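Peer 1: My questions concern the predicted model and sequence given below.
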Amino acid sequence: MLARRMKLIDSSGIRKVFDLAAKLKDPINLSIGQPDFDIPDEIKEIGIQSIREGFNRYTVTQGIPELREAVREHYRRKYSVEFEDTLITSGVSGGLLLAFMALIEEGDEVLLPDPYFVMYKHLANLLGGKPVFVNTYPDFTLAPEKLEEKVTKRTKMLVINSPANPTGRAYSSEELRSIAEFARKHNLLVVTDEIYDHFIYDQTPDTFAKYYEKTLLLNGFSKSSAMTGWRLGYAAGPREIIESMKMLQQYSFVCAPSFAQKAGLAALDLDITQHIADYRSKRDLIYEGLKGYFDVEKPGGAFYIFPKAPGDDGVKFVEKAIANNLLIIPGNVFSERNTHFRISFAAPDETILRGIEVLQKLAKQF
Ligand SMILES: Cc1ncc(COP(=O)(O)O)c(C=O)c1O
């Protein structure tokens, strides 16, 4: 009954974890991919007010003009980047689906730095493309030499994600520049998922779009404004691609949620410095708690840390952690390898400390 393409994707890895987790009563939960703070009150008010005022109908497919213009102005002011066109999407997930649908066809190769955010691999497969993994272990650096080894005549695009889920790796401006050089040399399109752009701890924020013209930027409000359930994001880049994504949006999402678009206008330039300072100290807390016990890189951004599992078996280690009431995610959910595990530190300090205690205990058993 089902379309054959459904055989091309699966969710078995993560399902197994959640099945195990369902048995836990009050787990120490370090698995969650969203901030532990709520949408700022002033942003909520704008959403509520818009609903009250009757801003509840379809908006234009491409998104309200003032938000589209605000996105362009934001990048112009912050990075001196001029985008040809923008589209307001239903989260970055919506943007990814539309982008992949517009760009990938049978046999197209998509370069994916491994570890990767899960959607990239599954979307590429779903559309008949071929994910080509670029191994970035052990320090998650995306060196152009590694990319060169994997590029072929069929390579269509490269997807990058910095700061990254699940590793927390944030590329430096020099690294972004060298990735751009590689892409230019091979005339590749680059899709850059910058959803964690606010969550950067040791360097000034930057955007890949500054370094390369054939870039499709995806970003959104889920992480920076904690608006995960409001489903709001945007795509910006070459007009031809944005136009195609818009046409696909017309026949799928129709538009992003109306009230969320109004709220997004204020959220775009929201000052979340205090939250970022808090998350920097959470990053320090978890890193200091793990570094003597695990082989682990210090994350420069996002809210994840990706240590190596003792015994080199991520799934086995996570099963042990869950047996000790700690919920974390095995690395093979985000990778072709099963050697690591992901911790989210988007949690109260007290939860992080309880998690560290369990992890140290488990590490000592090896
Ligand atoms: C790297 C990355 N991209 C995209 C998304 C999806 O975000 P959104 O809520 O905007 O769809 C996530 C969410 O976890 C993510 O980690």
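Peer 2: Yep, that arrived. Numbers count the residues shown, from 1 in each chain.

Peer 1: Mind naming the longest helix for this protein?
Peer 2: For the chain, the longest helix by residue count, based on DSSP state H, is helix 273-290.

Peer 1: The ligand contacts on the chain?
Peer 2: 33, 91-93, 117, 161, 165, 193, 195, 220, 222, 228, 233 (CB under 6 Å from any ligand atom). No exception for glycine: its C-beta is placed from N, CA and C like everyone else's.

Peer 1: If we use 5 Å, what do you get?
Peer 2: Counting by CB under 5 Å from any ligand atom, the chain comes close to the ligand at 33, 91, 92, 93, 117, 161, 165, 193, 195, 220, 222, 233.

Peer 1: Nearest spatial neighbour of the last one, chain-adjacent residues omitted?
Peer 2: By that I understand residue 233. Using CB to CB, 6 or more residues apart in numbering and skipping residues adjacent in sequence, the residue nearest residue 233 is residue 220, 2.9 Å away.

Peer 1: residue contacts, that neighbour?
Peer 2: 89, 91, 92, 95, 195, 232, 233, 234 (CB atoms under 8 Å, 6 or more residues apart in numbering).

Peer 1: Equivalent analysis for residue 41, please.
Peer 2: Taking CB under 8 Å, 6+ apart as the definition, residue 41 has no contacts.

Peer 1: Distance check, the residue in the chain positioned nearest to the ligand against residue 73.
Peer 2: Residue nearest to the ligand within the chain (CB to the nearest ligand atom): residue 91, separated by 2.8 Å. Look at residue 91 and residue 73: by CB to CB, to the nearest Å, they are 22 Å apart.

Peer 1: Those two: who's more crowded?
Peer 2: Between residue 91 and residue 73, counted using other CB atoms under 10 Å, residue 91 has the larger neighbour count: 25 against 12.

Peer 1: That one reaches residue 234, doesn't it?
Peer 2: No - at 9.8 Å, residue 91 does not count as touching residue 234 under the criterion of CB atoms under 8 Å.

Peer 1: buried ones in the longest helix of the chain?
Peer 2: 275, 276, 279, 282, 283, 286, 287, 289, 290 (16 or more other CB atoms under 10 Å).

Peer 1: same check, this time on stretch 356-366
Peer 2: So, applying 16+ other CB under 10 Å, buried residues of stretch 356-366: 356, 358, 359, 362, 363.

Peer 1: Turn the residues you listed into TSV, columns for secondary structure.
Peer 2: As requested, those are arranged in TSV below (DSSP: H, G, I helix; E, B strand; the rest coil):
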residue	secondary structure
356	helix
358	helix
359	helix
362	helix
363	helix
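
Peer 1: so residue 171 is in which element?
Peer 2: Here residue 171, judged by DSSP states H and E, is contained in no helix and no strand.

Peer 1: any idea of the pLDDT on residue 21?
Peer 2: Per-residue pLDDT puts residue 21 at 82.

Peer 1: That one against residue 329, yeah?
Peer 2: No - between residue 21 and residue 329 there is no contact under CB under 8 Å: 9.9 Å.
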